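Undergrad: pasting the sequence and the predicted coordinates here, then a few questions.
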Amino acid sequence: MRIDKLLWFLRFAGSRGLAQGWVEEGHIRVNGRRIERCSAAVKVGDIMVLPTHGGVRVIEIVTLPARRGPAPEAQGCYRVLDAAPLAPLARREIEP
């Protein structure tokens, strides 16, 4: 499945266009590789690293969704391995 479609189906992005922008900026990693193409394939068992507003989320794809369903259905398609927040020192360095 295409990574942009997966991010939209799993409700990490509000639209497929937002997912495409997120991928093209190079913020996503799949199995340790930086992904910059929206057409990159993702399969069951892949480990994804996603930046979020509060830090980084590491997930494992358990099953590929057939549609963009409700949130509980989307959450059943992946397993959160780590949801580490930014360290307090790192936040201070980012702020002006």
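TA: Cool, got the structure. Residues are numbered from 1 along each chain as shown.
Undergrad: do you know how far residue 15 is from residue 62?
TA: To residue 62, residue 15 is 24 Å away according to Cβ to Cβ, to the nearest Å. C-beta here means a position set from N, CA and C on the backbone, and glycine is covered the same way.
Undergrad: nearest residue to the residue nearest in space to the middle of the chain other than its sequence neighbours?
TA: Centrality entry for the chain: nearest residue to the mean C-alpha point is residue 50, 4.0 Å, by Cα atoms, centre = their mean. The spatial neighbour of residue 50 that comes closest, neighbours along the chain excluded (Cβ to Cβ, 6 or more residues apart in numbering), is residue 57 at 4.8 Å.
Undergrad: quick one: contacts for that neighbour?
TA: Residues near residue 57 by Cβ atoms under 8 Å, 6 or more residues apart in numbering: 49-51, 80, 82-83.
Undergrad: among the residues you listed, which lie within helices?
TA: Applying DSSP state H to these, no entry is found in helices.
Undergrad: which one of the residues you listed is nearest residue 39?
TA: For residue 39, the nearest member of the contacts of residue 57 is residue 50. The distance, counting by Cβ to Cβ, is 18.1 Å.
Undergrad: one step back: what's the closest of the contacts of residue 57 to residue 8?
TA: So of the contacts of residue 57, ranked by how close each gets to residue 8 (Cβ to Cβ), first place is residue 50, at 12.9 Å.
Undergrad: residues in contact with the lengthiest helix in the chain?
TA: When the chain is parsed with DSSP H, its longest helix is helix 16-24. For helix 16-24, the external contacting residues (Cβ under 8 Å, 6+ apart) are 3-5, 7-8, 12-13, 28, 35-38, 40.
Undergrad: okay, buried residues for it please.
TA: The neighbour-count check on helix 16-24 (16 or more other Cβ atoms under 10 Å) flags 16, 19-20, 22-23 as buried.
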